[in-house]
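> please find the sequence and the predicted model below.
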Amino acid sequence: MQTFQIESTKNETLQAALIHKINQKTKPLGALGRLETLALQLGLIQKTEHPALQQQTMLVFAGDHGIVAEGVSPYPQAVTAQMVLNFLNGGAAINVFARQHDFQLHVVDSGVNAVFEPHPMLIDAKLGMGTLSFLHDPAMTREEAAQAIARGAEIARDAVAEGCNVLALGEMGIGNTSSASCLMSVLCSFPLHQCVGRGTGLSDKGLDHKLSVLTNALQRHHVDAIDPLQVLAVFGGFEIAMMVGALLAAAEARVTLLIDGFIATSALLVAAKLYPQVLDYCVFAHCSDESGHGKMLEHLKVQPLLHLSLRLGEGTGAVLAYPLLQSAVAFLNEMASFESAGVSGKTQ
């Protein structure tokens with residue numbers, strides 16, 4: 001697997017300057033709450049007291065999963081390709097929110113079990129017509145996982161070259177909550193039942209079956225969190241692996257990463273096991289209603305910006321959180337200080 005040079009954002013001198021600038025705004029100390037810590041993080045990522053957001057970009061990675069053949073989803077695999085076409089036609093929720101918040105939107109065919117006509121919004125990075133069923137075999141080979149990471153990294157670098165400094169990642173793949181659940185269980189050392197949820201709407205019976213299938217899959221494969229690339233190869237999807245590469249390459253370029261829901265965070269789990277410093281660049285957009293996401297965030301010791309009971313995926317939660325980044329940058333750069341406004345500061 002290729003290597004990445006990801007710097008920590010820690011910089012005591014710059015941090016002190018940013019905190020001083022934030023504290024001198026015409027407000028009581030800490031009165032803007034999480035916006036203040038967000039402004040500090042953005043300044044540290046960009047190495048400046050005057051951060052700016054530009055060409056915000058959403059990459060939706062799509063791929064099919066062989067585990068769907070085991071009945072773990074209430075929807076057929078064909079829905080992945082149908083939703084990709086919906087994205088390309090501009091009709092999905094992520095299209096609506098991307099237009100609203102002026103995001104560049106691209107859909108990445110990481111491994112959908114379909115062939116698409118060329119489209120200006122579509123990036124063809126297909127590694128295959130979906131993964132294998134990890135109930136019986138590893139979802140992909142270790143080499144395929146590394147290749148997917150490299151392709152995701154290349155796609156992120158292209159976005160950065162076009163001027164992007166805020167990158168959000170979305171996903172589409174029927175069955176990918178099964179992959180994410182197994183990744184979470186192994187990488188976080190959580191019992192599987194704490195990681196498995198209803199996905200796209202399983203009944204109680206369907207949920208019991210999904211848990212049974214995934215339990216059998218975990219028992220079949222002997223992998224350990226000490227080797228995250230192999231964990232990814234056994235249980236991941238092409239789209240999840242490409243997201244890992246995109247996260248790492250974007251952090252290498254000091255780009256702010258907007259982390260969406262359960263699937264996107266499972267990709268981050270892999271990325272952070274490989275390069276822990278990637279977490280410095282992550283803004284956690286929301287906590288989804290998919291069972292396990294909250295525990296995933298607790299494991300990472302992070303707090304999401306929003307709690308909207310979302311469980312759609314596609315990157316919707318990440319885009320919805322973007323205006324908070326805009327507000328953090330705006331107050332840091334535009335709000336008057338006590339000195340410039342002629343306002344008396346706190347005396348005791």
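Cool, got the structure.
> for the protein, give me the ranges with low pLDDT.
Low-confidence segments of the chain, defined by pLDDT under 70, span residues 345-348.
> all the strands of it, in order from the start?
With DSSP state E as the criterion, the chain has strands at 57-63, 104-111, 122-124, 166-172, 256-259, 282-284.
> check contacts around the residue nearest to residue 199 when sequence neighbours are not counted.
Of all residues not flanking residue 199 in the chain, residue 177 sits nearest, at 4.0 Å (CB to CB, 6 or more residues apart in numbering). (Each C-beta comes from the backbone N, C-alpha and C, glycine too.) Contacts here follow CB atoms under 8 Å, 6 or more residues apart in numbering; on that basis residue 177 touches 73, 196-197, 199-200, 262-263, 290.
> quick check: residue 155 touching residue 242?
Yes. Taking CB atoms under 8 Å as the contact criterion, residue 155 and residue 242 are neighbours in contact, 7.1 Å apart.
> which one's more surrounded, the two?
When neighbours are counted by other CB atoms under 10 Å, residue 155 and residue 242 differ, and residue 242 comes out ahead with 35 against 22.
> mind checking how far that one is from residue 270?
Taking CB to CB, to the nearest Å as the measure, residue 242 and residue 270 are separated by 11 Å.
> before we move on, the earlier item: hey, what's in contact with both of residue 155 and residue 242?
Overlap between the neighbourhoods of residue 155 and residue 242 consists of 108, 125, taking contacts as CB under 8 Å, 6+ apart.
> what's the distance between the nearest residue to residue 241 once chain neighbours are set aside and residue 125?
Closest residue to residue 241 apart from its sequence neighbours, by CB to CB, 6+ apart: residue 148 at 3.5 Å. Noted for residue 148: a distance of 8 Å to residue 125, by CB to CB.
> tell me which of the two has more neighbours.
For the pair residue 148 and residue 125, the greater number of neighbours falls to residue 148 (31 against 21), based on other CB under 10 Å.
> contacting residues for that one?
Shown in contact with residue 148 (CB under 8 Å, 6+ apart): 110-111, 127, 140, 238, 241-242, 244-245.
> make a markdown table out of the residues you listed and add distance to residue 3.
Converted to a markdown table, the contacts of residue 148 look like this (distance: CB to CB, whole Å):
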| residue | distance to residue 3 |
| --- | --- |
| 110 | 22 |
| 111 | 24 |
| 127 | 21 |
| 140 | 20 |
| 238 | 21 |
| 241 | 16 |
| 242 | 17 |
| 244 | 14 |
| 245 | 12 |
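> let me know the closest of those residues to residue 299.
Checking these against residue 299 by CB to CB gives residue 244 as the nearest, at 17.1 Å.
> the closest one touches residue 269, doesn't it?
No. Look at residue 244 against residue 269 with CB under 8 Å: they stay out of range, at 9.2 Å.
> more neighbours, those two?
A count of neighbours by other CB under 10 Å puts residue 244 above the other of residue 244 and residue 269, at 31 against 24.
> residues in contact with that one?
Under the criterion of CB under 8 Å, 6+ apart, the contact list for residue 244 reads 148-149, 152, 232, 267, 270-271, 274.
> how near is it to residue 259?
Taken as CB to CB, the spacing of residue 244 relative to residue 259 amounts to 12 Å.
> check residue 109 too.
If you go by CB to CB, the gap between residue 109 and residue 259 works out to 22 Å.
> so which residues of the stretch 151-300 of the chain form helices?
Using DSSP state H, counting those that start in this stretch, the helices found in the stretch 151-300 of the chain span residues 176-188, 204-220, 228-235, 238-252, 262-274, 293-300.
> tell me which of those lies nearest to residue 1.
Comparing the helices of the stretch 151-300 of the chain by CB to CB, helix 228-235 comes nearest, at 6.0 Å.
> could you say what helices and strands the closest one packs with?
Counting contacts by 3 or more CB pairs under 8 Å, 6 or more residues apart in numbering; DSSP states H and E, the secondary-structure elements packed against helix 228-235 are helix 142-161, helix 176-188, helix 238-252, helix 262-274.
> the second one: which residues count as buried?
Residues of helix 176-188 classed as buried under the neighbour-count rule (16 or more other CB atoms under 10 Å) are 176-188.
> cool, and the longest one?
When neighbours are counted by 16+ other CB under 10 Å, the buried residues of helix 142-161 are found to be 144-157, 159-160.
> now the angle between helix 262-274 and that helix, please.
Calculated by axes from the mean of the first three to the mean of the last three CA atoms, to 10 degrees, helix 142-161 forms an angle of 100 degrees with helix 262-274.
> pull helix 142-161 out as PDB, backbone CA atoms only.
Taking only C-alpha atoms (Å, rounded to 0.1, in the frame of the first residue of the first chain), the coordinates of helix 142-161 have been written out as PDB:
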ATOM      1  CA  ARG A 142      -5.500  -7.400   0.100                       C
ATOM      2  CA  GLU A 143      -4.100  -6.200  -3.200                       C
ATOM      3  CA  GLU A 144      -7.600  -5.000  -4.300                       C
ATOM      4  CA  ALA A 145      -8.000  -3.100  -1.000                       C
ATOM      5  CA  ALA A 146      -4.700  -1.400  -1.500                       C
ATOM      6  CA  GLN A 147      -5.600  -0.600  -5.100                       C
ATOM      7  CA  ALA A 148      -8.900   0.900  -4.000                       C
ATOM      8  CA  ILE A 149      -7.100   3.100  -1.500                       C
ATOM      9  CA  ALA A 150      -4.800   4.300  -4.200                       C
ATOM     10  CA  ARG A 151      -7.700   5.200  -6.500                       C
ATOM     11  CA  GLY A 152      -9.600   7.000  -3.800                       C
ATOM     12  CA  ALA A 153      -6.400   9.000  -3.000                       C
ATOM     13  CA  GLU A 154      -6.000   9.900  -6.600                       C
ATOM     14  CA  ILE A 155      -9.600  11.200  -6.800                       C
ATOM     15  CA  ALA A 156      -9.200  13.300  -3.700                       C
ATOM     16  CA  ARG A 157      -5.900  14.800  -5.000                       C
ATOM     17  CA  ASP A 158      -7.700  15.700  -8.200                       C
ATOM     18  CA  ALA A 159     -10.300  17.600  -6.200                       C
ATOM     19  CA  VAL A 160      -7.600  19.400  -4.200                       C
ATOM     20  CA  ALA A 161      -5.800  20.300  -7.500                       C
END
